[in-house]
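# Below are the sequence and a predicted model; questions follow.
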Amino acid sequence: MTSSIVTDACGANSMIGAFVFGLIIPSGEVAMKLMEKLEDYVKGVLIPAFFMVNGVRTSVPILLDPDFGTPVYVILPLIATAWSSKIVSTFVFSKLAGMGAREAFTLGVLMNTKGVLALIVINTGRNIQGFNQPMFAVLILSMLVMSLTVTPLAKAANKSSRRSNKFQLRTVESNKLESELRILTCIHSTRNLSGMINLLESSNASKQYPICVFALHLVQLTERRATAMLIVHDNNNSNNNNNNNSTSHRMFDGGSGGQHLTRREEESKHIIAAFESLENRGASVSAHSLTVVSPYTTMHEDISCLGEDKRVMLVLVPFHMQADVYGRLQEENLNWRTVNRNLMAIATCSVGILVDRGLGAKDKAAVQQPQYSSFAVIFVGGPDDREALAFGWRMAKSPNVNLTVLRLLPVVDDDRTDDDLNEKLEGATEEEEDEEGGGADATTRQNKGEERELDDEYVNEFRFRTMHDENINYVEKQVTTGEEVITTIGRLVPSCDLYILGQSKNTTSSIMLGLSEWIECEELGVLGDTLLASEFAEHSSLLVIKQHYVPGMPRRIHHHNNNNNNNSYDNGNSRVLPGYANSSNVYNSASNVAASQTSMSWQSSKPKTPYSSSQVR
C-alpha cells in the first residue's frame, strides 16, 4: 500500500509500485511469511473487488449505440483475428521446432490466456485517457472471449489422445518377456524408497529384458498453492547437472532458493539421487524422475493420466501402513489408502500395491557369498493371478531370485467330473450373481469357464518354458477350505522375502469363500489381507497386483513369445504346447508332463529355502 502511494505521488501508476515492491522481496522465509499473511486478504477481498470494478465499468449496450463509430460486425472479426493469429503463429513455429501437432495446437490455445496483468494494463490505458469508454468495453469483451475458449479447447485436444490409449491393453501378461517393461513407481516419502528400489532391482533388468522406470514423487497440494504442478527432473548427465536439479527444486517450492531447502525439497532430491543410482548400476534400466503436486482427492487422476502418457504396463504404489523395525505395521495414512483405492478403480493399466517389510534389507556387510531372494507366487486363478505370475516369471529370470509358484486347486474326487466341479463353483457364487442381476447367469458361467481355461493354459505354458530353470519350483496342492489355504501356504512357502499374488477381489473359487468374511483391506484382496495378518508372513513383504481389463479385447493372449523355443506352435486362437493338447483338464495334462519330463523336479544348485520342494499333489 505504501509503495503504491509513493509511486502515485511521483506521477507513476500505483500498480508499478506494488509490482516493484514484490520484485525486491528476497526469496526465502521472508517471502513465504508475507504470502501467508497477505494471500487470504488479496484473494478474498482485493482481487474480487478489482474484477467487480472492471465489470461495472464495462458497458455492453454502448457497443450497439449508433453514435459509436465502429459497428459490431467489424468488431467481432477483429476479435476472431486476434484470437486465431496467436494459435496459427504458435502452431507453425512449434511444428518447425519439431513439436507434435496436438501439442503445438494446445500451446497456441494457451497463448490466448489472459489474467490480472492484462486487466491492469487496460485500466491504466483508460485512466490516462488512451482510449474512450467504448474501446474499453471492446478490449474487456475480447479478453473475456479469448480466455473462455482456452479451457474447453485444451481439454478437447488432450482428451482424444487419452481416449485412444485407454482402450489399449497394457499389462505385464500381454507384454512380451523380451520387450521393455515400463513401470511407474509412486513414492510418498523416503520411507517408501528402499522397498521400491529393491523390488525394481529384483525385476531382472538386463539387455535382454530392459526396464524403463518413471519415479513419481507424490506431494500433497496445500491450500496455499495456486494450481497443481508436474515437474520433470532431468536425470541425464547426473554428474554434471547440479544446476538443472537445483532449478527443479526451486520450481518445486516456489523459489525458496537452493541454500535453505525445505523438507519436501530434501525428499525430492534424495529420491532423484536414488533412482539415478539405480540407473547407473544397471545399463538396462532407464530411470526418469518426476514430481507431482496435487491434492489427495485428485492425485489418482494425475497418476492415471501420467501412466497413459508414458504407456506404462504397471503402476507400483506403497501400502498405506508402514512397518517398523520389527515388521509390525503402524502409522495408518488414510489419504494414501484413498489414493490407492481410487487408482485401482480408474487405472488403465495394472496396479500393484507393495507392503514393504524390509524387502531386500539384509546385512550385506556380514555376508561373503551372493544373496538369493526367495519369492513366492500364490496362484488361485483369475486375471489378477495371471498378472502376478507374469511379473514373477520375469523376476525369476534374475540369477539371484529363487521363485516358487504355488497353485491352489479345489479338491476333485476321482469319481466326479469337471462338470460337477463347475456346478460346485457356480453354486458357491449364486447369491452374488442374483444381486448383480440374474439375466447374465449364462454369460457369467461362460466367463468362469473361459477364465479357468486361460488359467490352465497359462500355467501349462509357464511350466513348459521353465522346466529347465533351476531356480524355479512349481508346487501344486489341492485344498478344500480357506483355513486349509493359509495352512498350506505356511507349510510349503513360509517366510518368503516377497509374496506375489493377485488381488482377485471378485474371485469365484470356492476355497476362498471362508476367508472373505474377515477382510479388512479390500484393496489387498481376500488372500492378501489374510497373509498380512498371518504369523508365518509377519516379516515378509507382499505385492498385490490388479490387472486392467479392457472390455471387448480378446482374453486369449500369446504369452511371452520366445524365438529360441520352437517346440510350441500356434493353433488358431490358442497356443498349444507339446504334452498339453487338452489344456482344459489341468489335472491330467499336468500329471502327464510331470511323469514324462524327469527334469520337472527342478532341483536347484543354488542355496534354497526349506520349502523348495518338488511338485506336490
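Cool, got the structure. Residues are numbered from 1 along each chain as shown.

# what about the helices in the stretch 1-150 of the chain?
Along the stretch 1-150 of the chain, counting by DSSP state H, counting those that start in this stretch, helices occupy 2-9, 14-24, 29-41, 47-57, 72-96, 101-110, 116-127, 133-148, 150-166.

# For the longest one, list every residue counted as buried.
This means helix 72-96. 75, 79, 83, 86, 87, 90, 91, 94 (16 or more other C-beta atoms under 10 Å). Any C-beta I mention is one placed from the backbone N, CA and C, and that applies to glycine too.

# And for the shortest one?
In terms of neighbour count (16+ other C-beta under 10 Å), helix 2-9 has its buried residues at 3, 4, 7.

# Residue 490 touches residue 531, doesn't it?
No - at 9.5 Å, residue 490 does not count as touching residue 531 under the criterion of C-beta atoms under 8 Å.

# quick one: which of the buried residues of helix 2-9 is nearest to residue 59?
Within the buried residues of helix 2-9, the smallest distance to residue 59 is 27.2 Å, found for residue 4 (C-beta to C-beta).

# I'd like to know how far the closest one sits from residue 26.
To residue 26, residue 4 is 20 Å away according to C-beta to C-beta, to the nearest Å.

# And residue 297, by the same measure?
34 Å.

# want to try a markdown table for the helices of the stretch 1-150 of the chain, with mean pLDDT and distance to residue 383 as columns?
Shown next, in a markdown table, are the helices of the stretch 1-150 of the chain (pLDDT from 0 to 100; distance: least, C-beta to C-beta, whole Å):
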| stretch | mean pLDDT | distance to residue 383 |
| --- | --- | --- |
| helix 2-9 | 83 | 64 |
| helix 14-24 | 79 | 56 |
| helix 29-41 | 78 | 49 |
| helix 47-57 | 87 | 51 |
| helix 72-96 | 87 | 42 |
| helix 101-110 | 90 | 32 |
| helix 116-127 | 83 | 52 |
| helix 133-148 | 85 | 45 |
| helix 150-166 | 71 | 18 |
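
# Mind putting the ones you listed into JSON lines with distance to residue 496?
What follows is the helices of the stretch 1-150 of the chain, written out as JSON lines (distance: least, C-beta to C-beta, whole Å):
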{"stretch": "helix 2-9", "distance to residue 496": "66"}
{"stretch": "helix 14-24", "distance to residue 496": "58"}
{"stretch": "helix 29-41", "distance to residue 496": "47"}
{"stretch": "helix 47-57", "distance to residue 496": "58"}
{"stretch": "helix 72-96", "distance to residue 496": "52"}
{"stretch": "helix 101-110", "distance to residue 496": "46"}
{"stretch": "helix 116-127", "distance to residue 496": "59"}
{"stretch": "helix 133-148", "distance to residue 496": "58"}
{"stretch": "helix 150-166", "distance to residue 496": "35"}
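
# Quick check: which of the ones you listed is nearest to residue 274?
helix 29-41 (27.6 Å).

# what's the angle between that closest one and helix 47-57?
Interaxial angle, helix 29-41 versus helix 47-57 (axes from the mean of the first three to the mean of the last three C-alpha atoms, to 10 degrees): 50 degrees.

# Now do the buried residues in helix 29-41.
Buried, per 16+ other C-beta under 10 Å, within helix 29-41: 31, 32.

# Same question for stretch 53-61.
Applying a neighbour-count criterion of 16+ other C-beta under 10 Å, one finds 54, 58 buried in stretch 53-61.

# Give me the contact list for it.
119, 123, 126, 133, 136, 137, 140, 141 (C-beta atoms under 8 Å, 6 or more residues apart in numbering).

# was I right about the fifth one contacting residue 121?
Translated: residue 136. No - assessed by C-beta under 8 Å, residue 136 is found out of contact with residue 121, at 11.7 Å.

# re earlier: let's have the buried residues of helix 72-96 in JSON lines, adding distance to residue 476.
Formatted as JSON lines, the buried residues of helix 72-96 follow (distance: C-beta to C-beta, whole Å):
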{"residue": "75", "distance to residue 476": "79"}
{"residue": "79", "distance to residue 476": "73"}
{"residue": "83", "distance to residue 476": "68"}
{"residue": "86", "distance to residue 476": "66"}
{"residue": "87", "distance to residue 476": "63"}
{"residue": "90", "distance to residue 476": "62"}
{"residue": "91", "distance to residue 476": "61"}
{"residue": "94", "distance to residue 476": "58"}
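
# And residue 404, which helix or strand is it part of?
strand 401-410 (DSSP states H and E).

# Which helix or strand contains residue 526?
Assigned by DSSP H and E, residue 526 falls in helix 525-532.

# Just the C-alphas of that helix, formatted as PDB.
Output of helix 525-532 as PDB, limited to C-alpha atoms (Å, rounded to 0.1, in the frame of the first residue of the first chain):
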ATOM      1  CA  GLY A 525      -8.000 -58.800  -1.800                       C
ATOM      2  CA  VAL A 526      -9.100 -61.800   0.300                       C
ATOM      3  CA  LEU A 527      -5.800 -63.700   0.300                       C
ATOM      4  CA  GLY A 528      -3.600 -60.600   0.600                       C
ATOM      5  CA  ASP A 529      -5.500 -59.300   3.600                       C
ATOM      6  CA  THR A 530      -5.200 -62.800   5.200                       C
ATOM      7  CA  LEU A 531      -1.500 -63.100   4.600                       C
ATOM      8  CA  LEU A 532      -1.000 -59.600   6.000                       C
END
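
# Can you spell out which helices and strands pack onto that helix?
Here helix 525-532 touches helix 482-492, strand 498-502, strand 541-546, going by 3 or more C-beta pairs under 8 Å, 6 or more residues apart in numbering; DSSP states H and E.

# where among those is the average confidence lowest?
For those, mean pLDDT drops lowest on helix 482-492, to a mean of 90.

# Can you name the residues in contact with that one?
Contacting residues not belonging to helix 482-492 are listed as 378, 404, 406, 408, 475, 477, 479, 511-516, 527, 530-531, 534-537, 611, 613, 616 [C-beta under 8 Å, 6+ apart].

# who has more neighbours, residue 136 and residue 121?
The neighbour comparison of residue 136 against residue 121 (other C-beta atoms under 10 Å) goes to residue 136, with 20 against 13.

# Next, find the distance separating residue 112 from residue 93.
For residue 112 relative to residue 93 (C-beta to C-beta), the value is 16 Å.

# now swap in residue 278 and tell me
From residue 278 across to residue 93, the span is 38 Å (C-beta to C-beta).

# Then residue 148?
The value you get for residue 148 to residue 93, if C-beta to C-beta is used, is 25 Å.

# Residue 232 in helix, strand or coil?
strand (DSSP: H, G, I helix; E, B strand; the rest coil).

# Could you chop this protein up by domain?
2-163, 181-221+295-601 (automatic domain parsing).

# tell me, which of these is the model least confident about?
Minimum mean pLDDT among the domains of the chain: domain 181-221+295-601, a mean of 76.

# Residue 292 is in contact with residue 221, correct?
No - look at residue 221 against residue 292 with C-beta under 8 Å: they stay out of range, at 9.1 Å.

# Of the contacts of helix 482-492, which belong to strands?
Counted as lying in strands by DSSP state E, out of these, are 378, 404, 406, 408, 475, 477, 479.

# Just give me the neighbour total for the third one.
Okay, so that is residue 406. 22.

# ok, and the closest non-adjacent residue to it?
Of all residues not flanking residue 406 in the chain, residue 475 sits nearest, at 4.8 Å (C-beta to C-beta, 6 or more residues apart in numbering).

# Now do the same for the residue lying closest to residue 345 once chain neighbours are set aside: helix, strand or coil?
The shortest distance from residue 345 to any non-neighbouring residue, by C-beta to C-beta, 6+ apart, is to residue 300 (8.0 Å). Of the three states, residue 300 takes helix according to three-state DSSP.

# what sits in contact with each of residue 490 and residue 531?
In contact with both residue 490 and residue 531: residue 537, using C-beta under 8 Å, 6+ apart.

# Neighbour count for these two, which is higher?
Shown here are residue 490 and residue 531; by other C-beta under 10 Å, residue 531 has more neighbours (24 against 16).

# residues contacting the more buried one?
So residue 531 contacts 378, 486, 489, 499, 501, 537, 540, 542 (C-beta under 8 Å, 6+ apart).
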